[in-house]
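I'd like to go over a predicted model; first the sequence, then the structure.
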Amino acid sequence: MDLSSNIEISALTPKRIVDELDKFIIGQKEAKRAVAIALRNRWRRMQAREEIRKEIIPNNILMIGATGVGKTEIARRLASLSNAPFIKVEASKFTEVGYVGRDVESMVRDLVEQGVNLVKAERKIQVREIARENALESVLDLLIPPLTGKKDSSETEKDLEDNPILPTPPAPGSEEELNLRTREKFREKLKRGELDTRTVELEVQSNSASVQIMGPAGMEGMDGLQEMLSGMIPKKKKLRKMTVAEAREYFTEEEADKLIDMDSVTRDALERTQETGIIFIDEIDKVAGGGSGKGNGPDVSREGVQRDLLPIVEGSTVNTKYGVVKTDHVLFIAAGAFHVSKPSDLIPELQGRFPIRVELNSLTEEDFFHILDQPQNALTRQYEEMLRSEGVELIFTEASLRKIAGIAFQVNSEIENIGARRLHTILSTVLNELLFEVPDLTSAKRFEITADYVEEKIGNILKKKDLSRYIL
């Protein structure tokens, strides 16, 4: 569900933002407050006088906390609330300029791509009804081809503009009149969905024709050259069978692409990216010094990545295939566990560009219980919905949820703390047999997960001394 579709940006007060985040993320109040203020400040900046607006820069945020405590989810939900272009990147995947790997400017190009996709999807929704009507005619042409030589609708409209005299109607009983009557009958059937399951054959573009150009990582020129050469290769088409319903959706997408103005989409996407874009840089601690001292080898490259990140975070101009993008007002949220290193191991200039620092708490046993029970997207609700498709009602008792929460907390304490991600593996282990057997069940339509059932499925594993040998 897109939260932004129901909430106006002006109505997103910090308290309202925290309330919305609470629906999906348990705990971490300090982090939620920090990102809520940052998001509200973006709206406040847009209301400021023009002469001062460009001087107001975002307060970037550094989140410190173990894996699985909600850092990424907070950033992702924040982007959803603001309907802003958002990407998540891992700092460890970037290398200093001159080394093999991705350069830091590629994150901005990826953000612009997300912005274009976001605006394009919005425009498609606006023209969808017209596109569906046009698609209906295309499907109709597959079922009842128009007579050879018959003018299409665009030519008929032009004739009426040039000459207001109505065209001569087809002669009664003629082949043309019969064709028109048949098409009209099929048109009504299509609108009622009576032909949705019929199979048709149509030409679709093949994705096989493409050009891959190998060059230095991150070179925008390579992207442009590849796009130009790909456009020079004739697009292959192939025949494909599909149902009438599928064909109508295919033609609807095709018609929507024709109806939207890509120049306008690109302009709006560039502006939205510059003004509201959010880049989440995970594993920022992996490019910190780690307290090992200055030296040769990997440390040099890690500091090089930091220095390459600095101008992007400070505000620079990046060339993309859609145009020039300024990063001055892009919000950067960095995150890391900082187990080995600490935030002060980052170069001072980069530290200064993340003035807001919040530390996320490790999850307690009670937090795990609430994560299973409260959020709208809770794992338990996801499993309940999946089994409902099999005609089975799945029910978790409170005791079973507390048992699972206790196991997650215990395993995180004894092996490695991976936060809420531990719940995925434990629930998968508990429900594995049920998920396998359910499609073949003939009698049981209701299945209750109890604490005893949880104990039966994974109790023996917990008794083993070396838990790391088992998939929990």
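Noted; the coordinates are in hand.

Which parts of the chain belong to which domain?
The chain breaks down into these domains under automatic domain parsing: 3-124+268-359, 138-159+170-259, 365-469.

Out of those domains, which is closest to Ala131?
In terms of CB to CB, the element of the domains of the chain nearest to Ala131 is domain 138-159+170-259, at 3.9 Å. For every residue, glycine as well, the C-beta is placed using N, CA and C.

got the end-to-end distance for that closest one?
15 Å (CA to CA, to the nearest Å).

what's the average pLDDT for it?
Averaged across domain 138-159+170-259, the pLDDT comes to 71.

do the same with stretch 56-65
What stretch 56-65 shows for mean pLDDT is 92.

How about stretch 14-24?
The average pLDDT within stretch 14-24 is 92.

Show residues contacting it.
Under the criterion CB atoms under 8 Å, 6 or more residues apart in numbering, residues 3, 7, 29, 32-33, 35-37, 39-40, 73-74, 77-78, 81, 375-377 lie in contact with stretch 14-24.

Now, those that are in helices?
In helices, defined here by DSSP state H, the members of those are 29, 32-33, 35-37, 39-40, 73-74, 77-78, 81.

are any of these buried, and which?
Lys32, Arg33, Val35, Ala36, Ile37, Leu39, Arg40, Glu73, Ile74, Arg77, Leu78, Leu81 (16 or more other CB atoms under 10 Å).

Taking these, tell me the two that lie furthest apart.
Arg40 and Glu73 (19.6 Å).

From the rest of the structure, what touches stretch 358-374?
Counting by CB under 8 Å, 6+ apart, 26-28, 30-31, 34, 61-66, 68-71, 378-380, 396, 398, 401-402, 404-406, 408-409, 412, 417, 419-420, 423 sit against stretch 358-374.

deepest of the domains of the chain, which one?
Burial of these is given as mean neighbour count (mean count of other CB atoms under 10 Å); domain 3-124+268-359 ranks first at a mean of 18.

Check the offset of that one from the chain's centre.
On the basis of CA atoms, centre = their mean, to the nearest Å, domain 3-124+268-359 sits 16 Å off its chain's mean C-alpha point.

how about low-confidence regions in the stretch 301-450 of the chain?
301, 444 (pLDDT under 70).

any idea where the strands of it begin and end?
Applying DSSP state E, counting those that start in this stretch to the stretch 301-450 of the chain gives strands spanning 317-320, 323-326, 331-336, 356-359, 393-396, 446-449.

Pipe the ones you listed into JSON lines and attach distance to Met262 per row.
JSON lines is the format used below for the strands of the stretch 301-450 of the chain (distance: least, CB to CB, whole Å):
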{"stretch": "strand 317-320", "distance to Met262": "15"}
{"stretch": "strand 323-326", "distance to Met262": "12"}
{"stretch": "strand 331-336", "distance to Met262": "27"}
{"stretch": "strand 356-359", "distance to Met262": "37"}
{"stretch": "strand 393-396", "distance to Met262": "46"}
{"stretch": "strand 446-449", "distance to Met262": "50"}
